[in-house]
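# What follows is a predicted protein model with its sequence.
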Amino acid sequence: MSIAAACIASVGVLSALIALLDQLQGSFLSIRPDTLGDYMNSPLAVVFNLSLLAAGACFFFCAMAIYYTFEDPFSRAIALVGAMVGFSIALLGIFPINYLDWHRKVSTIYLLCSALLHFLSILNYFRPKNTMTRAEFGLSLLSLIMSLSLIFMLDWRVLDFPPCNESFDHFCWVATCMWGLTQANILWCVCLGFGMRRYIVLQQKDARQLTPAY
């Protein structure tokens, strides 16, 4: 499910970005990813928003799979926060930037839940007998840095970020952090999917070895 979420999100983002490239005067690092879902200005906004909805649903069900696979409280806490991240991603597809008030609220929930998810994941890496890989740890660290950077830049009065400086056509720190968080979350999903698959295969192998032969 996590691999499916990553693939769906990647296809949606890439398709909408390619369709919008002709309209960009600067680098893609100068525009915020959520503008790809703008029905008024993005040619493939529908594709982008539907991909967020599908990816969020896949992320949610993946988190639930983690919840029922690992029985310890810490892993289940990570799964519940992950479910909130998936739910908020799906809501971003339902409430794109055209619905500005709801979009700001949902994107803030996504940001806070992402930061908490990756903070817990980093702590999980240092627990004995954890199943996290170094790649997942590195991506969680990057995601946490991007999340905290965005949280510090967030204007809590309006739940939005300051506009990009027009004197820098090819770079915007807010947009760069958003793209960094988006890509890190997608890659983290891929690593999580392969890690879960490896864990389940080993679990099934151990179960077969413990089953008595008749």
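Good, I have the coordinates.

# Show me where the chain has its helices.
2-20, 45-69, 73-94, 100-125, 134-153, 173-210 (DSSP state H).

# Packing partners of the longest one?
To tie it back to what came earlier, the one meant is helix 173-210. helix 2-20, helix 45-69, helix 100-125, helix 134-153 (3 or more Cβ pairs under 8 Å, 6 or more residues apart in numbering; DSSP states H and E). (Glycine included, C-beta is placed from N, CA and C.)

# Next, the angle helix 100-125 makes with that helix.
50 degrees (axes from the mean of the first three to the mean of the last three Cα atoms, to 10 degrees).

# and the direction of helix 173-210 versus that of helix 134-153, what angle?
150 degrees.

# Now render the helices of the chain as a markdown table, adding mean neighbour count.
Below are the helices of the chain laid out as a markdown table (neighbours: other Cβ atoms under 10 Å):
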| stretch | mean neighbour count |
| --- | --- |
| helix 2-20 | 20 |
| helix 45-69 | 21 |
| helix 73-94 | 20 |
| helix 100-125 | 19 |
| helix 134-153 | 18 |
| helix 173-210 | 17 |
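
# Can you tell me the centre-most residue of the protein?
N185 (3.8 Å; Cα atoms, centre = their mean).

# So it versus L139, what's the distance?
Distance of N185 to L139, given as Cβ to Cβ, to the nearest Å: 8 Å.

# could you dump the helices and strands packed on helix 173-210 to JSON lines with mean pLDDT and distance to V85?
Formatted as JSON lines, the helices and strands packed on helix 173-210 follow (pLDDT from 0 to 100; distance: least, Cβ to Cβ, whole Å):
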{"stretch": "helix 2-20", "mean pLDDT": "63", "distance to V85": "10"}
{"stretch": "helix 45-69", "mean pLDDT": "85", "distance to V85": "6"}
{"stretch": "helix 100-125", "mean pLDDT": "94", "distance to V85": "5"}
{"stretch": "helix 134-153", "mean pLDDT": "93", "distance to V85": "10"}
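
# Let's have those helices in CSV, adding distance to F87.
Output for those, formatted as CSV (distance: least, Cβ to Cβ, whole Å):
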stretch, distance to F87
helix 2-20, 12
helix 45-69, 6
helix 100-125, 9
helix 134-153, 17
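
# For R32, find the nearest of the helices of the chain.
helix 173-210 (4.9 Å; Cβ to Cβ).

# starting at the chain centroid, how far to that closest one?
Centre-to-centre, helix 173-210 and its host chain are 12 Å apart (Cα atoms, centre = their mean, to the nearest Å).
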